[in-house]
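Chemist: Fold the following, please.
(one chain, ligands or ions: 2)
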Amino acid sequence: MKILVIGQGGREHALVWKLAQSPLAEKIYCAPGNAGIADIAESVQIGNGLAELADWAKAENIALTVVGPEAPLAEGIVDTFRERGLKAFGPDKRAARLEASKDFAKQLMAKNGIPTAAYRTFVDADEAITYIKTRNAPVFVKANGLAAGKGVIPGRTLAQATAAVKTILVDRAFGEAGDSVVIEEELIGEEASFTVLTDGTHCVPFVSSQDHKMSHDGDTGKNTGGMGAYSPAPVITPELHDYVMERVVYPTLNGMADIGSTFKGVLYVGLMITDTGPKVLEFNCRFGDPEAQVLFPRLKSDLVPLLIACVDGTLAAYTDSGLQTPPTKKGVEWHAEAAAGVVMASGGYPDPYQTGKVITGLAEAAALEGVTVFHAGTKQNGEQVVTAGGRVLCVTAVGDRLKSAIEQAYRGVSAIHFADAHFRHDIGHRALG
Ligand code: AMP
Ligand code: GLY
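Modeler: Numbers count the residues shown, from 1 in each chain. Ligands and ions are numbered 1, 2, ... in the order given. As a prediction, this is how the structure comes out:
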């Protein structure tokens with residue numbers, strides 16, 4: 001069958017890489033793709049409109065479309081494809097509100113008793129500031145809508161929290177995404193992410209993973225999309241796994257179905273593991289980036305039929321309950337090896353950075369045992385591959401143990417060069433420590 005992947009980052013390279021291993025995949029297209037994806041899929045430039053993409057897919061007889069990023073999901077790409085009788089993996093526009101509106105997600109959690117931080121939502125800046133004064137800092141101030149991962153501002157002091165409210169509601173730094181703000185209590189603990197595939201009723205949980213959001217070593221610097229990831233994440237114990245399935249994942253899916261908005265696709269739960277148990281920080285409606293880059297190398301089963309089962313509502317064939325106790329019988333198969341991915345970014349990221357730097361050593365890195373170099377912000381410039389984004393590459397390695405996977409990923413990083421490259425030196429430190 002012909003498969004189309006939408007997106008252009010490291011997550012999409014990992015998706016294409018895994019899908020391409022399926023005997024069911026005759027040909028893979030990626031819109032728009034990047035320099036690394038172009039080695040294994042045909043890059044197609046179809047313009048930005050959803051209707052244009054869907055018309056192209058219809059004309060090309062695409063059997064399955066896999067949507068990488070959240071923006072097209074929130075815009076309704078799955079609905080547009082469905083109207084033309086095309087299968088697209090991911091939630092429809094109404095279900096994608098779980099990520100696209102933090103207020104929607106918080107209301108759903110409140111209604112269904114899902115553990116999360118206490119919060120209030122405001123459209124008026126003065127009311128928001130009055131509320132913060134009654135609560136006191138620290139709080140987290142969040143633009144309600146999608147803001148490319150930049151809409152969450154910590155308010156450690158009253159002054160910071162007040163400034164954050166003004167940035168979002170008055171200065172409109174995130175445009176429409178800042179029509180309202182969600183103000184949350186601060187949660188303390190270790191973060192972890194939890195990923196499941198779902199057809200709306202049944203779930204296949206992925207192995208655990210963890211990313212590193214801060215730009216610099218020791219979790220300092222600025223919040224980014226993710227500077228590296230590893231799997232498994234020891235913080236997710238089997239007991240915690242079952243707790244999250246029972247207290248978060250199923251109540252969320254049932255809560256969505258109850259309001260007539262069945263959620264199909266990937267449910268990515270961002271968690272804070274607090275002293276009083278795991279609490280939800282956020283829901284995403286797509287695979288994590290860079291979590292996908294460490295999850296797919298560990299997945300042994302064919303991804304294509306799994307994604308189709310999510311769209312068709314037949315995922316029950318793969319899962320009993322998704323719980324580890326008792327262990328699932330029909331589950332999906334995973335490799336025992338661990339995986340680690342180190343993001344190489346443009347110097348300056350997540351602040352403004354330069355692009356167009358020539359990248360060398362890609363083939364040398366890829367030749368190392370167990371190493372796969374996933375491209376994020378790259379493009380082909382004649383014979384050369386050059387940088388074209390903030391996160392440039394995710395150098396991933398598998399190994400018998402997490403420690404050896406991490407060491408091998410760093411050997412890959414050492415082989416690669418571009419001007420002003422920046423990466424963290426401590427990916428996986430929490431799991432090793
Ligand atoms: P979000 O996009 O909501 O996951 O927020 C981005 C990051 O901000 C998270 O990964 C956390 O590191 C941090 N964060 C968000 N909300 C909270 C909270 N209530 N307490 C502590 N940290 C938070
Ligand atoms: N790595 C975090 C995310 O994809 O949202």
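
Chemist: Write out the residues of the stretch 201-350 of the chain neighbouring ligand 1.
Modeler: Contacts of the stretch 201-350 of the chain with ligand 1, taken as C-beta under 6 Å from any ligand atom, map to 213, 223, 270, 272, 281-282. Quick note: C-beta positions are derived from backbone N, CA and C, even for glycine.

Chemist: how about a cut-off of 5 Å?
Modeler: Neighbours of ligand 1 within the stretch 201-350 of the chain, by C-beta under 5 Å from any ligand atom: 270, 281-282.

Chemist: Could you point out which of those is nearest to His425?
Modeler: Nearest to His425 out of those is Gly270 (C-beta to C-beta; 24.3 Å).

Chemist: Let me see the mean pLDDT of stretch 35-51.
Modeler: What stretch 35-51 shows for mean pLDDT is 92.

Chemist: mind checking the end-to-end distance for that stretch?
Modeler: 26 Å (C-alpha to C-alpha, to the nearest Å).

Chemist: tell me the SS of Val66?
Modeler: Secondary structure state of Val66, per DSSP: H, G, I helix; E, B strand; the rest coil, is strand.

Chemist: Tell me if I'm right that it and Lys2 touch.
Modeler: No: using C-beta atoms under 8 Å, Val66 makes no contact with Lys2, being 11.9 Å away.

Chemist: and these two? which has more neighbours close in?
Modeler: With neighbours defined as other C-beta atoms under 10 Å, Val66 and Lys2 compare such that Val66 has more, 27 against 16.

Chemist: Which strand residues bridge that one?
Modeler: Val5, Phe89 (DSSP bridges).

Chemist: Contact partners for it?
Modeler: 3-6, 15, 19, 88-90, 307 (C-beta atoms under 8 Å, 6 or more residues apart in numbering).

Chemist: Arg156 contacts Pro138, correct?
Modeler: Yes: using C-beta under 8 Å, Arg156 is in contact with Pro138, at 4.9 Å.

Chemist: The two - which one has more neighbours?
Modeler: Pro138 (15 against 12).

Chemist: ok so, going back, looking at neighbours, which among the contacts of Val66 is most surrounded?
Modeler: That'd be Leu15 among the contacts of Val66, by other C-beta under 10 Å, with 30 neighbours.

Chemist: which residues in the stretch 251-400 of the chain form strands?
Modeler: Remark: strands assigned in the stretch 251-400 of the chain by DSSP state E, counting those that start in this stretch are 265-274, 277-284, 338-346, 358-359, 371-375, 378-381, 384-387, 391-399.

Chemist: Same list (those) but as a markdown table, adding mean pLDDT and mean neighbour count.
Modeler: Shown next, in a markdown table, are those (pLDDT from 0 to 100; neighbours: other C-beta atoms under 10 Å):
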| stretch | mean pLDDT | mean neighbour count |
| --- | --- | --- |
| strand 265-274 | 96 | 22 |
| strand 277-284 | 96 | 20 |
| strand 338-346 | 98 | 28 |
| strand 358-359 | 98 | 18 |
| strand 371-375 | 98 | 26 |
| strand 378-381 | 96 | 19 |
| strand 384-387 | 98 | 20 |
| strand 391-399 | 98 | 27 |
